[in-house]
Structure formats: structure tokens, C-alpha cells
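Participant: Kindly return the folded structure for what I paste below:
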Amino acid sequence: MLDRVPDGAPILTAAQMRAAEDRAIADGSSVSALMERAGAGVAEWVHRLAAGAPVLILCGPGNNGGDGYVAARVLAGRGMDVRVAALDDPRTEAAIEARKGWTGVVEPFPGDLPGAPVVVDALFGTGLARPVAPWIAHAIKTFVDQARLSIAVDLPSGAETDSGGDFGQCTLADFDVTLALGALKPAHVLQPAAAYCGNVRLVDIGLELEGAAEPAVRTIAVPRIAKPQPSSHKYSRGMVAVVSGPMHGASELAALAAYRAGAGYVLLLTGGLPHPPHAIVRRRWSADALDDKRIGAVVIGPGLGRDDRAREKLEAALASPHPLVIDGDALHLLDLDRIRTRDAPTVLTPHAGEFAALFGEGDGSKIAKTQRAARRCNAVVVFKGADTVAAASNSRAIVASPASPWLSVAGTGDVLAGAIGTMLAQRTKSPLQAVSAGVWLHAEAARLLHRCFLADDLADALPQALARAL
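Facilitator: Residues are numbered from 1 along each chain as shown. Modelled structure (predicted):
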């Protein structure tokens, strides 16, 4: 099985996708040629997955429907039992030509249309700008629920391409596979639409994507983390300082995660008593606690509290020359203008509530919101969630694959902060690459645990996740 979404793949908005298609046409291709490639690609996947079962293709009036007609013709030519049902007559020139290529019967959708073991949704694609009618959505759901295998062409009909929303209708059908044509779109990776896409597969239609979306937004990739060398020592492997507060457990988790993610030295600045693991060096907080030049990164926020003492610690961390991960309580104390002029890399890791408190609700997709936030504060912003998005101040961004829902327990954010701290401290990557590595390790550890785990278990699973990236 392939990964759910390809590693490091570009993610294009609807407008960027149209621009890429326009460039291909300007270089001598045509809409019909692109449709032929798309339909043939869809047919290849359907043929591979259907295992000879009868197929019903639902075609809309636009180019998405045209892709469906091409796929039907190709599948019939390969001897498969294919039926086509249309919502309406084709309305675009390329779709009209594609319809002419299908010599079989076109049944009315939905009418009294019987279902099929394999259903292909080619009704609406990236051009959709409004909710689908309830009766259409209901019919799609009915066919999908009855099918043994359901496949969406480009997007599940009803998904908002750029936001990953569903126009507020909650009407998307739950597909087994979605075939992304030419490039991934935000709806393939952002919730709630991503949850309905099933396994996402990319169909190459011959578009030149490099440079199609600058600044680039990509899916997260398996990081390549350098192994320790014979000359390595505890400081060269990265020294992480974790600033604690009255809730010692959160900072303990962050410190443990920093070690488990590969740090060579972890300093926990706390008033708590020593206890296992004894490898974590514990010292009491003082005004000069962060003066050690060997510190590679500072993590502050987990268990920090929100009183004057916490503010004092945050100010010291902000004034230090070290790369900084700001999480949890520290986000509630933060003045965004204070971090704009920091010379060292700064990473903010808010969940949805913290993000709204810092930056407001805003408009646009989660990707666009995170990019704006990163530009505003001149930092890397990690907007956490089932569809974590991280963006740098130059608007380059990564989107993580949908995360395990079992991460929804206390302390997992502290583990993420510690893992990112280690990646920053090792200083082998740009801040966004370091963040991407930390996010990936966190998600991979959750995948390895599978279900029903504690944040402590998540930290302990980081070395096994790290082994995949070495």
C-alpha cells in the first residue's frame, strides 16, 4: 500500500491548478488531451481496484464528468462491465467530446438507478463553488453506502477545494479512495473533507507542478535525520532546556520527549524533586538559567502557569539567543510583537483555541490562516490538530497527514513541543524542516502505538519512530 498522501507533494489551490493547466495548454496541450490523461488514469486505478466487479460511473455536466466518460470508455475497452449515469448533459466543449466517445447507454441520475459493487463519483470536481443539492448528496451517499468499493474522481462531490470544508452541509459521502488529478488539493489534507477522501492516490496528467505554487505548500515527508557520528558528543547532539512551572508533569513529558527524540542533553529547569529518568538534569530556575551557550533550543510553556513568575520566565526565554519553542501556557502570556525581532528561530505550537486567541478566527483555509500568522509574528507557526499545518514567515508550509484520533489525550502536545525542541537544537535543518521532522516523529509514534495510549507512552515510542528516519 502507498502512503495515504504522497510524501512532500505540492498542494495546489483551485486557482493554482487552473494556472498549471493553462500553462500546459499554452505549451501545446489541450483541455481534451488533459481530460484523456485524467480519464485514462482513473480507469487504470478502477481496473486495478475493482477486481473485475461491475462499475457504475456517475458523471456531472462539467469536466469532472468528462473525466468519467473517458474512464468509462477505457474500462469498457478493457472488457469491464461499465454503466454510466449522468446528472445532466455535458456543458463544456471537452466534456461534450468525451461524451461522444462513450458509445454505451447513459442512464439518468438518480432516477430508479440500481447501484453497483463499484461506484465512481465524477459529478463535481474543483470547480464547485456552492453546496450540492440535498437530493444529489443523498443519492451519492446511497450509492456509496451500497457499494463494495467507492472511488471519488479528484474530490468527493460537495467538498470545498481550497478550505477542505463541505459548505457547512455535512453531506459528503465516505469514500474508500480519492484519485487526485494532477496534484493534491487542500481538501485532500484538510478536515473535514480529508476524512471523507479515504486513501488518496495521485493521478499524473502531465502537468509541470514545480513553481506552480510559490511559496510552496507541501505534504509532510519522512525526515532524514543524521545519525550520531564517531565524533559526536552530548552537546553536538543537541542540548535542550525545558522551562518548568507549577505543573511539573507537563514539562517532565516535554523533557522526556526531547531525550527520546534524540537530544544529547536535556536540562529541566524546575523546582521539583529529582526522580527517574535520572538522565534528565534538573536545576532550579534562576535569572541566569539560560546563559549557557551550549543550549541548542529552549522549550517553554508546558506546565508553566500564567502568573507573574511565569511571565518572568517567558521574558527571559524571549531575551535569550536560543531557538525557542513556545507552547501551552506561554502562548496565553505572549505578546506577538515581542517575537517579531528575535534573531533566533521561534516556533509557536497553538491548538485551535490558542490559535484563535492569538490571531483571531480569520478567513480562508487552515493553510492560509497559518501562513498569515507566521508572517505576522516572523516565526514558524504550528497550527495543531487532526490536520496539523506548519508555516514559516516566508509562507512556505507543510501539511501533515491526518493524525491518529488517539492523540486526543492530555500531554501529547507537550511531547510534540519536546520533539520539536530536539530537532531545533540539532541545527541540521531550517526551522520549518526541524518542525516538520518533529511533527512527523510525533505522528509516527502515535501510529506505532495504534490505539488507546498515554502521552508517556507516546514519548517512549519516539525512538522507534526515529529509527524510520535515520
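Participant: Surely Val119 is in a helix?
Facilitator: No - counting by DSSP: H, G, I helix; E, B strand; the rest coil, Val119 is not part of a helix but strand.
Participant: Buried residues of stretch 303-314, list them for me.
Facilitator: 303-305, 310, 313-314 (16 or more other CB atoms under 10 Å). For glycine as for every other residue, the C-beta is placed from the backbone atoms N, C-alpha and C.
Participant: Just send these back as CSV, with distance to Lys227, pLDDT and secondary structure too.
Facilitator: CSV is the format used below for these (distance: CB to CB, whole Å; pLDDT from 0 to 100; DSSP: H, G, I helix; E, B strand; the rest coil):
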residue, distance to Lys227, pLDDT, secondary structure
Gly303, 32, 93, coil
Leu304, 33, 95, coil
Gly305, 38, 95, coil
Ala310, 38, 96, helix
Lys313, 34, 96, helix
Leu314, 35, 97, helix
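Participant: Turn those into CSV, including distance to Ala425.
Facilitator: What follows is the buried residues of stretch 303-314, written out as CSV (distance: CB to CB, whole Å):
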residue, distance to Ala425
Gly303, 20
Leu304, 19
Gly305, 24
Ala310, 23
Lys313, 19
Leu314, 19
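Participant: Now do Thr388: how many residues are near it, please.
Facilitator: 28 (other CB atoms under 10 Å).
Participant: so what's it up against?
Facilitator: By CB atoms under 8 Å, 6 or more residues apart in numbering, Thr388 lies in contact with 382, 399-400, 403, 439, 443.
Participant: Can you tell me which of those are buried?
Facilitator: By neighbour count, with 16+ other CB under 10 Å, those hold 382, 399-400, 403, 439, 443 as buried.
Participant: Let me know the closest of these to Tyr69.
Facilitator: Val399 (32.1 Å; CB to CB).
Participant: Identify the residues contacting the closest one.
Facilitator: Taking CB under 8 Å, 6+ apart, we find Val399 in contact with 11, 186, 189-190, 217-220, 367, 387-389.
Participant: who wins for most neighbours among those residues?
Facilitator: Most crowded among the contacts of Val399, counting by other CB under 10 Å, is Val189 at 30 neighbours.
Participant: So it is in contact with Asp387, correct?
Facilitator: Yes - contact status for Val189 versus Asp387: in contact at 6.1 Å, counting by CB atoms under 8 Å.
Participant: Give me the buried positions along stretch 449-460.
Facilitator: Residues 449, 453, 455, 457-460 are the ones in stretch 449-460 that count as buried (16+ other CB under 10 Å).
Participant: how's the protein carved up into domains?
Facilitator: Domain segmentation of the chain under automatic domain parsing yields 14-214, 239-467.
Participant: Indicate which one of the ones you listed is closest to Ile225.
Facilitator: Across these, Ile225 has its closest neighbour in domain 239-467 (6.3 Å, CB to CB).
Participant: State the helix or strand in which the closest residue in space to Gly418 that isn't next to it in sequence lies.
Facilitator: Counting by CB to CB, 6 or more residues apart in numbering, Gly418 lies nearest to Ala257, which is 3.1 Å off, once chain neighbours are set aside. Using DSSP states H and E, Ala257 sits in helix 248-260.
Participant: now for the helix or strand hosting Arg376, which elements pack on it?
Facilitator: According to DSSP H and E, Arg376 maps onto helix 366-377. For helix 366-377, the packing partners by 3 or more CB pairs under 8 Å, 6 or more residues apart in numbering; DSSP states H and E come out as helix 336-339, strand 346-348, helix 352-359, strand 380-383, strand 389-391, strand 397-399.
Participant: swap the cut-off to 6 Å and go again
Facilitator: For helix 366-377, the elements it packs on are strand 380-383, strand 389-391, judged by 3 or more CB pairs under 6 Å, 6 or more residues apart in numbering; DSSP states H and E.
Participant: And the residue nearest to Gly418, how far from Gly39?
Facilitator: Distance of Ala257 to Gly39, computed by CB to CB, to the nearest Å: 47 Å.
Participant: So if I had to pick from these two, which one is more boxed in?
Facilitator: Ala257 (36 against 28).
Participant: That one contacts Val415, correct?
Facilitator: Yes - counting by CB atoms under 6 Å, Val415 is a contact partner of Ala257 at 4.2 Å.
Participant: Show me where this structure dips below the pLDDT cut-off.
Facilitator: Counting by pLDDT under 70, the chain has low-confidence residues at 1-5, 168-170, 210-215, 271, 273, 428.
Participant: Against His351, how distant is Pro463?
Facilitator: 26 Å.
Participant: To clarify, my last question referred to Gly164.
Facilitator: For Gly164, the distance to His351 (CB to CB) stands at 17 Å.
Participant: Specify which residue of these two has the higher count of neighbours.
Facilitator: More crowded of Gly164 and His351, by other CB under 10 Å: Gly164, with 26 against 16.
Participant: The residue nearest to the more buried one when sequence neighbours are not counted and Ala368, how far apart?
Facilitator: Nearest residue to Gly164, sequence neighbours excluded (CB to CB, 6+ apart): Leu190, at 2.8 Å. Leu190 sits 10 Å away from Ala368, going by CB to CB.
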